[in-house]
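Peer 1: Need a 3D model of the following:
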Amino acid sequence: MAIDHSSGLIYVASERKLQVYNSNLQFIKEKKFPILLQYISILNNRPIIISETLGTKVFNGFANQTNLFELDSDLKIVDSLQIRNVVLPERIISGYPFKHYISVVEKDNFLYKPVLTPENLIRDTLYKINGKELIPHIKLKFEKPQSLNSEGFKITNVYNIVNSKSYLFCEYENENQIMLFLFDRKKKVGYNLKGGIRDSDGEKVLLRPLDLSKDIFYFVKEVKYENSKTEESNPIIGIVKLK
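Peer 2: Predicted coordinates:
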């Protein structure tokens, strides 16, 4: 889902259907699309959809294609941009549940879309969206080159690169260990943190973007039952502002 803060409209995507509500949570309209609505954001007061077509047979293998679609106020597709086309020797589909593809920082928009299928390279570049162009903005440098293990899977998977007003985050996995790279632009210092940042309880959590123009993030962590017969497994949600 995504919220257009200028109009108050709330967009909720579910598979191929997009619903729109007003700020009072009243239903306004819905529309069905021929594409899967796998990610939605608001750029320049317009809904932006990222959709993937996976495992399409082509002459030299199977293609996984990623496209960006711009919608107008009537939910019509008015423009599109192919972000990526990856051809694999066999049909392979892979994903990650936390999709922070677009970072909105004041008037600047940034994009990072991971590729999690086998390939012997690290996609480590954050792009800036400039009209219909994607311009390389920041390239991360890993100490070791990418390689595959004995089963053909990547040693390093980059899941999300998030840009905020004062920080850069990179959530990645290295040899089955979840890592969080945090770079403080003000101090010009970077930190590699295993499992995330420790909260006030001393537990490691991964920060998720909430308001990047104000360096505000949130985290979610599970709570253990004291009595599973009477308690629901409700998570703890924390909101933090980095200084």
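Peer 1: mind giving me the domain split of this structure?
Peer 2: 1-93, 100-243 (automatic domain parsing).
Peer 1: Spatially, what comes nearest to the residue sitting nearest the centre point of the chain if we skip its sequence neighbours?
Peer 2: The centroid of the chain falls nearest to residue 100 when counting by C-alpha atoms, centre = their mean (1.8 Å). Of all residues not flanking residue 100 in the chain, residue 160 sits nearest, at 4.4 Å (C-beta to C-beta, 6 or more residues apart in numbering). C-beta here means a position set from N, CA and C on the backbone, and glycine is covered the same way.
Peer 1: ok, the strand or helix carrying that neighbour: who's next to it in the sheet?
Peer 2: Residue 160 is located in strand 156-163, with elements delineated by DSSP states H and E. Strand pairing for strand 156-163, determined by DSSP bridges: strand 167-174 (antiparallel).
Peer 1: So, low pLDDT: which residues of the chain?
Peer 2: Across the chain, the ranges flagged by pLDDT under 70 are 224-228, 231.
Peer 1: List the contacts of the helix or strand hosting residue 181.
Peer 2: Here residue 181 sits within strand 177-184, counting by DSSP H and E. By C-beta atoms under 8 Å, 6 or more residues apart in numbering, the residues outside strand 177-184 that reach it are 140, 166-173, 189-197, 206-207.
Peer 1: If any of those residues are buried, give me the PyMOL selection for them.
Peer 2: To isolate the buried subset of the contacts of strand 177-184 in PyMOL, counting by 16 or more other C-beta atoms under 10 Å, use the following:
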select buried, resi 140+167+168+169+170+171+172+173+196+197+206+207
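Peer 1: List the buried residues of stretch 20-31.
Peer 2: For stretch 20-31, the neighbour count (16+ other C-beta under 10 Å) marks 20-21 as buried.
Peer 1: just checking, residue 30 touches residue 17?
Peer 2: Yes - using C-beta atoms under 8 Å, residue 30 is in contact with residue 17, at 6.0 Å.
Peer 1: Contacts only, for residue 193.
Peer 2: So residue 193 contacts 179-182, 204 (C-beta under 8 Å, 6+ apart).
Peer 1: so can I have TSV of those showing distance to residue 125?
Peer 2: Output for these, formatted as TSV (distance: C-beta to C-beta, whole Å):
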residue	distance to residue 125
179	18
180	18
181	14
182	18
204	27
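Peer 1: from those residues, which would you call buried?
Peer 2: So, by 16+ other C-beta under 10 Å, the buried ones in the contacts of residue 193 are 179-182.
Peer 1: How many residues are close by the closest residue to residue 172 other than its chain neighbours?
Peer 2: Excluding its sequence neighbours, the residue lying closest to residue 172 (C-beta to C-beta, 6+ apart) is residue 158, at 4.5 Å. The local packing of residue 158 (other C-beta atoms under 10 Å) involves 25 other residues.
Peer 1: try residue 161
Peer 2: 27.
Peer 1: Number the chain from 56, please
Peer 2: Fine by me, first position is 56 from now on; the one you just mentioned is residue 216.
Peer 1: Does it touch residue 195 like I think?
Peer 2: Yes - if you go by C-beta under 8 Å, residue 216 and residue 195 touch, sitting 7.3 Å apart.
Peer 1: shared neighbours of these two, anything?
Peer 2: Common neighbours of residue 216 and residue 195 (C-beta under 8 Å, 6+ apart) are 179, 181, 225.
Peer 1: circling back: which strand residues bridge the residue nearest to residue 155?
Peer 2: Applying DSSP bridges, one finds that residue 215 bridges with residue 226.
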